[in-house]
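Student: Got a sequence here, can you model it:
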Amino acid sequence: MIPLGTDRDPNRPTPATFSIAALCVAVAVTAAFQLGRGDTTLVGSNPMPRIIGALAVLPGHGWEVWRWVTYALTHDWLSIWHLIGNMIFLLAFGRAVERRLGSWGFIGLFVAASILSGLTQEWLEPRGILVGASGAICGVTGAFLALFPRARVRFLNLFILLGVFSLPAPIAVGIQVFFDLYGLMGANAGVAYGAHLAGYVAGFGAMVVLLKVGWLSRTEWDVVYAWKQRSRRKAMRDAVDASQRGGLWQAPARDSTPSPAEPTPPPVAPPDATARRALALQDDNTAAAEWAHLPPELQSKFTSAELLRMGNMLASHQLWKEAVRAWTVAIPKLDGGAQADDVRLLAAVVSWKRIGDGAGALAFLDGLCERASQQAKQAAATLRAEVASA
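Tutor: Numbers count the residues shown, from 1 in each chain. I've put the predicted structure just below:
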């Protein structure tokens, strides 16, 4: 599952997030050139590019304090996937966090999470080589959960169930924490799971402290507000329960026996009742099958989240035309945001690759916003060229 962004993504630029990503890419490119020229340094018996040797935390060099920050700009010089994975998560969660903290505040969070996660990993695995921005990015992810616990995170799923899914932030981050805890127990050696977990704790804890002391303004989205609202709702429920057990607020009992002269007619279930009941029971297969047989005016009454679930489930059963119809109905309900562009691109790919509808694919691509991500624009250009050459 690849995170694409969140429903809290800002509309304005986030220079700190993109600057950190650019620095990481620049270091990786330099390391690749140095490795190709043989410009390496030995650490024990391991040759590594000279720039990695200058920035990473190495055995015997922990007293060089700048390394506890600069190691977060380095990545595995033998595989590009370490860098790609970290940058995807940085861009998915970092922009919303930078919007709340400001650029300098975001940099401060990144540096602090880098130091704390690095020191934690050094404590767990002394005299190891420490590279990668994972710990610092986990700090950003933990901060996102504290600042936006009611947000939703968009994922592109490429396995079994093809499609774009939206998960609540606690579930999305909780899945990452679970796998890191599992890894810490020895499932995959060579990964700094301790640094990841320390980053989550540092980012989440720092935001809670800043919100509680008032150094960071509170909003209706943050975890402190959500906790206070939960306490208020509990107090209100307790008061209502107490009033119903007796007292001045208790309403007088009424005779609810129906009159035999006026029998109550049995309720008639609306046509979409079966689909909605299946959705409530998390039976997406039945919901999608029932939705596909509804008239268009009833199909359009479902929410965007429900329609995306319908489309994804229909696509998993290779009912491509029905899936595209569900995504088509969902797109206007997404208010032209980043998720709408993701769904348009997915619908265009399915229209062309699975249905052979070139005109339909181009219609979806024409709807992409100017602010669509660079990756989405590149994918759209490739697909346009493929349709045109067919």
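Student: So, low pLDDT: which residues of the stretch 151-300 of the chain?
Tutor: Scanning the stretch 151-300 of the chain for pLDDT under 70 picks out the ranges 159-161, 187-190, 229-269.
Student: just the helices in it please.
Tutor: 169-182, 193-213, 223-244, 273-280, 284-292, 296-299 (DSSP state H, counting those that start in this stretch).
Student: Contacts made by the second one with the rest, please.
Tutor: With contacts defined as Cβ atoms under 8 Å, 6 or more residues apart in numbering, helix 193-213 is touched by 109, 112-113, 116-121, 123-125, 130, 132, 134-147, 173, 176-177, 180-181, 183-184, 216, 218, 222-224. C-beta coordinates here come from the backbone N, C-alpha and C atoms, glycine included.
Student: and the angle for it with helix 169-182?
Tutor: Angle, helix 193-213 to helix 169-182, by axes from the mean of the first three to the mean of the last three Cα atoms, to 10 degrees: 140 degrees.
Student: Only the buried residues of helix 193-213, if you could.
Tutor: 193-204, 206-208, 210-211 (16 or more other Cβ atoms under 10 Å).
Student: go on, stretch 309-327?
Tutor: 309-316, 319-320, 322-327.
Student: For the most centrally placed residue in the chain, name its beta-bridge partners.
Tutor: In the chain, the residue lying closest to the centroid (Cα atoms, centre = their mean) is V153, at 3.3 Å. Here V153 sits in beta bridges with T6, L167, going by DSSP bridges.
Student: you'd agree it is up against A169?
Tutor: Yes. Counting by Cβ atoms under 8 Å, V153 does reach A169; the two are 5.8 Å apart.
Student: Overlap in contacts, these two.
Tutor: T6.
Student: just the strands in the chain please.
Tutor: 2-6, 40-43, 46-49, 152-157, 163-168 (DSSP state E).
Student: What count of nearby residues applies to S114?
Tutor: 26 (other Cβ atoms under 10 Å).
Student: distance of the residue nearest to the centre of the chain from A133?
Tutor: 19 Å (Cβ to Cβ, to the nearest Å).
Student: residue contacts, M313?
Tutor: 161, 284-285, 287-288.
Student: now do D39
Tutor: 33, 49-50 are the contacts of D39 under Cβ under 8 Å, 6+ apart.
Student: are any of those residues buried, and which?
Tutor: Using 16+ other Cβ under 10 Å, the buried members of the contacts of D39 are 49-50.
Student: which of the contacts of D39 lies closest to G360?
Tutor: F33 (44.2 Å; Cβ to Cβ).
Student: mind checking how far that closest one is from G53?
Tutor: From F33 to G53 the distance is 15 Å (Cβ to Cβ).
Student: hang on, the earlier thing: possible to save the helices of the stretch 151-300 of the chain as JSON lines with distance to T17?
Tutor: Supplementary listing: those in JSON lines, determined by distance: least, Cβ to Cβ, whole Å:
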{"stretch": "helix 169-182", "distance to T17": "18"}
{"stretch": "helix 193-213", "distance to T17": "14"}
{"stretch": "helix 223-244", "distance to T17": "21"}
{"stretch": "helix 273-280", "distance to T17": "36"}
{"stretch": "helix 284-292", "distance to T17": "34"}
{"stretch": "helix 296-299", "distance to T17": "38"}
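Student: With respect to P13, which of the ones you listed lies nearest?
Tutor: Using Cβ to Cβ, the helices of the stretch 151-300 of the chain put helix 193-213 closest to P13, at 22.2 Å.
Student: Now render the strands of the chain as CSV, adding distance to D342.
Tutor: Shown next, in CSV, are the strands of the chain (distance: least, Cβ to Cβ, whole Å):
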stretch, distance to D342
strand 2-6, 6
strand 40-43, 41
strand 46-49, 36
strand 152-157, 6
strand 163-168, 5
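Student: Which one of the ones you listed lies nearest to R95?
Tutor: Comparing the strands of the chain under Cβ to Cβ, the one sitting nearest is strand 2-6, at 7.7 Å.
Student: and the closest one, which residues are buried?
Tutor: 3-6.
Student: For that strand, give me every contacting residue.
Tutor: 88-89, 91-93, 95-96, 144, 148, 151-158, 164, 169, 172, 338-339, 342.
Student: Kindly provide the whole-number mean pLDDT of it.
Tutor: Averaging pLDDT along strand 2-6 gives 84.
Student: Convert that strand to CSV, retaining C-alpha atoms only.
Tutor: Output of strand 2-6 as CSV, limited to C-alpha atoms (Å, rounded to 0.1, in the frame of the first residue of the first chain):
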residue,chain,number,x,y,z
ILE,A,2,1.5,3.3,-1.2
PRO,A,3,0.4,6.5,0.7
LEU,A,4,-0.7,9.2,-1.8
GLY,A,5,-1.6,11.9,0.6
THR,A,6,-4.2,13.0,3.1
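Student: Hmm, I171 and L145 touching each other?
Tutor: No. Here L145 lies out of contact with I171, judged by Cβ under 8 Å, at a distance of 10.5 Å.
Student: And the two? Which one has more around it.
Tutor: L145 (23 against 10).
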